[in-house]
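Visitor: sequence first, predicted coordinates after that:
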Amino acid sequence: MFAKEMLKQSLPLLIFCGLGGIIAGKTLGEMTDLLKNIPGLIVIIPAIIALRGNISTTFGSRLGSAYHLGVIDAENMWNEELKQNIIGSLILSFLVTIIIGILAYLITRVFFNINPDPLKLIFIVILAGMLSGIILTILTIIIIFAVFKRGYDPDNITGPALATFGDIITMFCIFGSAIFVEALL
């Protein structure tokens, strides 16, 4: 019975994950002009997607664990545990996006012998990372709350959902941030 329930909860989501990967890839395909105009942008894409996926899924897993331990539940979600996890997730996102921006600049210079504008590259990473971080934090809370309300196991839902949403949202945030920064600078 356990395998049947897990399959019922996870299969539709895993199919959605495949479609999400296609959407993220299509978004990357639409970025060809930006990738040519902003040296180093291609270097940040895998790093920022991995960052968002790792932080969001970890955040979701921590909330799932808190649920299993009885620290939070559907009626008592907005407690100190949730607030501390949100703050930690956003601070971690900000700090790591700065590091990714600096490393992307250095890698582009050293390995590709291209001199990108460091402020432009770092600003794109920070803007995309923070936008996607805020959106995914809100989405994580919504998903966790919906999963709790339906009585599903959050471990079956949050990981795949957040990884897929993370890829899609982060690609759109990188694309939008690059367009914004390109127009601004």
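Guide: Received the coordinates, thanks. Just so it is clear, the structure is predicted and the values come from calculations on it, not from any experiment.
Visitor: off-centre distance for the helix or strand containing residue 127?
Guide: For residue 127, the element it lies in under DSSP states H and E is helix 118-150. Here helix 118-150 is found 6 Å from its chain centre; the criterion is C-alpha atoms, centre = their mean, to the nearest Å.
Visitor: show me where pLDDT drops low in the protein?
Guide: 1-2, 74 (pLDDT under 70).
Visitor: now do the helices in it.
Guide: Under the criterion DSSP state H, the chain contains helices at 2-29, 32-37, 41-68, 80-112, 118-150, 154-184.
Visitor: and residue 147, what does it touch?
Guide: Going by C-beta atoms under 8 Å, 6 or more residues apart in numbering, residue 147 touches 153, 154, 157, 158. C-beta: built from backbone N, CA, C; applies to glycine.
Visitor: if we use 7 Å, what do you get?
Guide: For residue 147, the contact set (C-beta atoms under 7 Å, 6 or more residues apart in numbering) comprises 154, 157, 158.
Visitor: just residue 39 next, same as before
Guide: 108, 114, 116.
Visitor: could I get the residues you listed as CSV with neighbour count and distance to residue 40?
Guide: Shown next, in CSV, are the contacts of residue 39 (neighbours: other C-beta atoms under 10 Å; distance: C-beta to C-beta, whole Å):
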residue, neighbour count, distance to residue 40
108, 21, 4
114, 12, 7
116, 18, 4
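Visitor: relative to residue 171, how far out is the residue positioned nearest the centre of the chain?
Guide: The chain has residue 52 as the residue nearest its centroid, 2.8 Å off, counting by C-alpha atoms, centre = their mean. Computed as C-beta to C-beta, to the nearest Å, the residue 52 to residue 171 distance reads 10 Å.
Visitor: now do residue 90
Guide: 20 Å.
Visitor: which residue of these two possesses the greater neighbour count?
Guide: Set residue 90 next to residue 171 and count neighbours by other C-beta atoms under 10 Å: residue 171 wins out with 25 against 16.
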